[in-house]
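*Asks:* What would the 3D arrangement of this be:
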Amino acid sequence: MLSVSVDPAHRAAGHAERLLTEVRQRAARHAPRGVIIPVRPTRKPLYPLIPIDEYAAWKRPDGRCFDPWLRTHLELGARRLGIARASLVIRQPVSRWAEFLGHPLPGPGDHPLPGALVPLRVSADGHGTYTEPNVWVHHPAGPGAP
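*Replies:* Residues are numbered from 1 along each chain as shown. Okay, here's the model as predicted:
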């Protein structure tokens, strides 16, 4: 398992694309069937109430994918495989979430989390669960791969 992140201060400088190109090149050499990548859409935190499948289907006026990171994958030749609705699940007592957020969570329901793709769901049992979705894509190897 590999996770690639670019510090916010260095985004929009092409680093993520270079890392992705390197992954694709290595897959072409060592993974004859290509590589499957779970993509965390970068603009999804601006739309946490929109279901991931709807968000992933959004298009720009020019017909290209709305989300920049997902668009990068698709324009490099990846094929969208599907949605993983629970790619990351974090369940903690509400007191831990309140400490993290710096404010109380006084009752059950959905609560916004800064930078999260979906709201935090607080249940009546005193726990909060963050269930992050993502979009899985397949980058093929072989002819046409970089």
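
*Asks:* and residue 131, what element?
*Replies:* Element membership for residue 131 (DSSP states H and E) is strand 127-139.

*Asks:* what comes up buried for that strand?
*Replies:* 127, 128, 130, 131, 132, 133, 134, 135, 136, 137, 138, 139 (16 or more other Cβ atoms under 10 Å). The C-beta positions use only the backbone N, C-alpha and C, and glycine is treated the same way.

*Asks:* Tell me the bridge partners for the spatially closest residue to residue 81 that is not a sequence neighbour.
*Replies:* Leaving aside its sequence neighbours, residue 81 sits nearest to residue 136 (Cβ to Cβ, 6 or more residues apart in numbering; 4.4 Å). Beta-bridge pairing for residue 136 (DSSP bridges): residue 38, residue 82.

*Asks:* From the contact counts, what lies against the lowest-mean-pLDDT helix or strand in the chain?
*Replies:* The least trusted helix or strand in the chain, going by mean pLDDT, DSSP states H and E, turns out to be helix 15-30, with a mean of 77. Identification of packing neighbours for helix 15-30 by 3 or more Cβ pairs under 8 Å, 6 or more residues apart in numbering; DSSP states H and E yields strand 35-39, helix 68-75, strand 127-139.

*Asks:* now could you export just the CA positions of it as CSV?
*Replies:* Presented in CSV, the C-alpha positions along helix 15-30 are these (Å, rounded to 0.1, in the frame of the first residue of the first chain):
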residue,chain,number,x,y,z
HIS,A,15,4.5,17.2,-8.2
ALA,A,16,1.5,15.0,-7.9
GLU,A,17,1.4,14.5,-11.7
ARG,A,18,5.1,13.6,-11.6
LEU,A,19,4.5,11.1,-8.8
LEU,A,20,1.6,9.6,-10.7
THR,A,21,3.6,9.3,-13.9
GLU,A,22,6.3,7.5,-12.0
VAL,A,23,3.8,5.0,-10.6
ARG,A,24,2.4,4.4,-14.1
GLN,A,25,5.9,3.9,-15.5
ARG,A,26,6.8,1.4,-12.8
ALA,A,27,3.5,-0.4,-13.3
ALA,A,28,4.3,-0.7,-17.0
ARG,A,29,7.6,-2.4,-16.1
HIS,A,30,6.5,-4.6,-13.2
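
*Asks:* Quick check: buried residues in it?
*Replies:* Buried positions in helix 15-30, judged by neighbour count with 16+ other Cβ under 10 Å: 16, 20, 23, 24, 27, 28.
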